[in-house]
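K.L.:
make a model of this:
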Amino acid sequence: MIPPGLMISAPASGTGKTTLMLGLLAAFRAQGVNVQPFKSGPDYIDPAFHTAASGRASFNVDSWSMDLNSINGLVGNAAGADLILAEGSMGLFDGVAIPGACGNGASADISAHMGWPVVLVLDVSGAAQSVAATALGFKMMRPDVELAGVVLNRVASPRHDALVRVGMKAAGITVLGSLPRRKEIEMPERHLGLVQAGEQENLPEILAEAAAFIAENVDLDALRAAAKGKLQDAPPPAKVIPPGNRIALAQDDAFAFVYPHLLAGWRAAGAEVLPFSPLADQAPDASADVCWLPGGYPELHAGKLAAAQTFRAGINAFAQTKRVHGECGGYMAMGAGLVDKDGAHHQMAGLLGVETSFAKRKFHLGYRKASLKAAIPGYAAATNLRGHEFHYATILAEPDAPLAEVTDSNDLVVPETGSMRQFDGGGCATGTFFHMISEG
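P.N.:
Reported below is the predicted structural model:
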């Protein structure tokens, strides 16, 4: 059976969704409640923190890049849990202009599809009764999205709390919690967002602090009682095509951004994943039939990667007869060179001619659709893929044969096509700046 769920959302980013989400996961876990987390939208970092807080693997669900059957299949991972909590992205109704697979990418789509009522986190600093007008607007915006209640954040004093509650009562809005103004959970930021969960040395202490804070200031019983859901039985998971039978997967602090549903799908299809660490100067396993370099932070480790001679020689030897594919940071690491934020040039693997620079950052963000001009591991030429791009690299050169025709969510052409290069021994190197989410 699939348990009932809630969508943790807000009017905008930066209002406290992650604080509440992690605190709820950790607090319920301390009570012995088995909670299945999800993340709405394309995000690599939050699911790892969800997993650390809940003890269960967290999965991304996204209405622009996934069809409803795929989303239902992923929600099937909640079978056996007591409760589902999904963390939204940006504001509840924020998405792209042109709908995709089954929506525009807004967290509200997932709430409506799954029947998960919304717990709305409201930053009440600088206002009192007026905040109820915001909550009322969110309650009325989409009739297919139910508002379970609100959690007030950054409350200045008991008097402030009382005034906000007067407005909420008049508007018929349930207050599920009130978080006093205080320093939020400390997780150091870097240029692409938060430090990864695996790098956070004091994560257990942070989660314990968050659990205590949320348990003290949120009505956990009322919040859990508000959970609902349309999906009753676990549907079969959507099939994911693995890139090979034995996949050499780069995995370390420089290459950590793999969507959990893809890894789970590869393994469910019978593929064996063989991790290796370029930062530890390890080469891909020669017995693998494909090598996959995911995204991450190669620019923060460019000097170490440039000095990793065993890795560079090993992946070049591998590519002569087999297939190597890279996404975003992995693509950059496959290129000819990378310029770090200080302007220093570092030699990369040289499988492709792409060169990137972080000395002068350029923001690349958004959904991507790609029609493959050439095959990549697991997908033939002419396959249509959906994905997401998020990086700050300036592209200095992309001289190899274009891999795909790429457009954004508005069907506008994206100049970064990805690259492909064939080798005399029959191998091939391919790479894209976007991370694949699904076929379609």
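
K.L.:
neighbours around Pro204, how many?
P.N.:
12 (other CB atoms under 10 Å). Glycine gets a C-beta too; all of them are placed from N, C-alpha and C.

K.L.:
ok, it to Ala210 distance?
P.N.:
From Pro204 across to Ala210, the span is 11 Å (CB to CB, to the nearest Å).

K.L.:
do the same with Arg312
P.N.:
Distance from Arg312 to Ala210, counting by CB to CB: 41 Å.

K.L.:
then Ile247?
P.N.:
Ile247 is 35 Å from Ala210, by CB to CB.

K.L.:
what does Asp285 give?
P.N.:
Using CB to CB, Asp285 is found at 39 Å from Ala210.

K.L.:
between these two, which one's more packed in?
P.N.:
Shown here are Asp285 and Ala210; by other CB under 10 Å, Ala210 has more neighbours (23 against 18).

K.L.:
and the pLDDT at the more buried one?
P.N.:
Note on Ala210: pLDDT of 92.

K.L.:
tell me the SS of it?
P.N.:
Here Ala210 is recorded as helix under DSSP: H, G, I helix; E, B strand; the rest coil.

K.L.:
likewise for the one 5 residues further on?
P.N.:
Reduced to three states with three-state DSSP, the structure at Ala215 is helix.

K.L.:
okay, now it: neighbour count?
P.N.:
18.

K.L.:
swap in Asp67?
P.N.:
Residues near Asp67, counting by other CB under 10 Å, number 18.

K.L.:
ok, it to Val75 distance?
P.N.:
13 Å.

K.L.:
Val150 too?
P.N.:
Val150 is 25 Å from Val75, where distance means CB to CB.

K.L.:
try Gly16
P.N.:
Separation of Gly16 from Val75 (CB to CB) stands at 25 Å.

K.L.:
the more surrounded of these two?
P.N.:
Using other CB under 10 Å as the criterion, Gly16 and Val75 rank with Val75 on top: 27 against 20.

K.L.:
ok, the more buried one - contacts?
P.N.:
Applying CB atoms under 8 Å, 6 or more residues apart in numbering to Val75 gives the contacts Ile2, Phe38, Val61, Ile84, Met114, Leu231.

K.L.:
tell me which of the residues you listed fall in helices.
P.N.:
Judged by DSSP state H, helices contain the following of the contacts of Val75: Met114.

K.L.:
what's next to stretch 268-275, contact-wise?
P.N.:
In contact with stretch 268-275 (CB under 8 Å, 6+ apart) are residues 237, 239-251, 263, 266-267, 284-285, 287-288.

K.L.:
what's the ChimeraX syntax to select whichever of those are buried?
P.N.:
Selection of buried members from the contacts of stretch 268-275 for ChimeraX, criterion 16 or more other CB atoms under 10 Å:
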select :237,240,242,243,244,247,248,249,250,251,263,266,284,285,288
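
K.L.:
quick one: contacts for His346?
P.N.:
By CB under 8 Å, 6+ apart, the contact list for His346 reads Ala302, Gly303, Leu305, Ala306, Gly337, Leu338, Val339, Asp340.

K.L.:
narrow the residues you listed to those that are buried.
P.N.:
Here, 16+ other CB under 10 Å leaves Ala302, Leu305, Ala306, Gly337, Leu338, Val339, Asp340 buried among the contacts of His346.

K.L.:
would you list the residues you listed in JSON lines and tack on pLDDT, secondary structure and distance to Arg142?
P.N.:
Output for these, formatted as JSON lines (pLDDT from 0 to 100; DSSP: H, G, I helix; E, B strand; the rest coil; distance: CB to CB, whole Å):
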{"residue": "Ala302", "pLDDT": "97", "secondary structure": "helix", "distance to Arg142": "45"}
{"residue": "Leu305", "pLDDT": "98", "secondary structure": "helix", "distance to Arg142": "46"}
{"residue": "Ala306", "pLDDT": "98", "secondary structure": "helix", "distance to Arg142": "51"}
{"residue": "Gly337", "pLDDT": "98", "secondary structure": "strand", "distance to Arg142": "48"}
{"residue": "Leu338", "pLDDT": "98", "secondary structure": "strand", "distance to Arg142": "44"}
{"residue": "Val339", "pLDDT": "97", "secondary structure": "strand", "distance to Arg142": "45"}
{"residue": "Asp340", "pLDDT": "96", "secondary structure": "coil", "distance to Arg142": "45"}
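
K.L.:
looks like Trp292 contacts Arg323 (just checking).
P.N.:
No. Trp292 lies out of contact with Arg323 (CB atoms under 8 Å); the separation is 9.1 Å.

K.L.:
which residues do those two both contact?
P.N.:
Shared contacts of Trp292 and Arg323 (CB under 8 Å, 6+ apart): Pro243, Pro377.

K.L.:
hang on, the earlier thing: need the max-distance pair from the buried ones among the contacts of His346.
P.N.:
The span of these, defined through CB to CB, is set by Leu305 and Val339 at 13.1 Å.

K.L.:
measure stretch 86-103 end to end?
P.N.:
With CA to CA, to the nearest Å as the measure, stretch 86-103 spans 17 Å from end to end.

K.L.:
show the pLDDT at the spatially closest residue to Ser419 that is not a sequence neighbour.
P.N.:
Nearest residue to Ser419 in three dimensions, chain neighbours excluded: Asp400, at 3.8 Å (CB to CB, 6 or more residues apart in numbering). Looking at Asp400, its pLDDT is 98.
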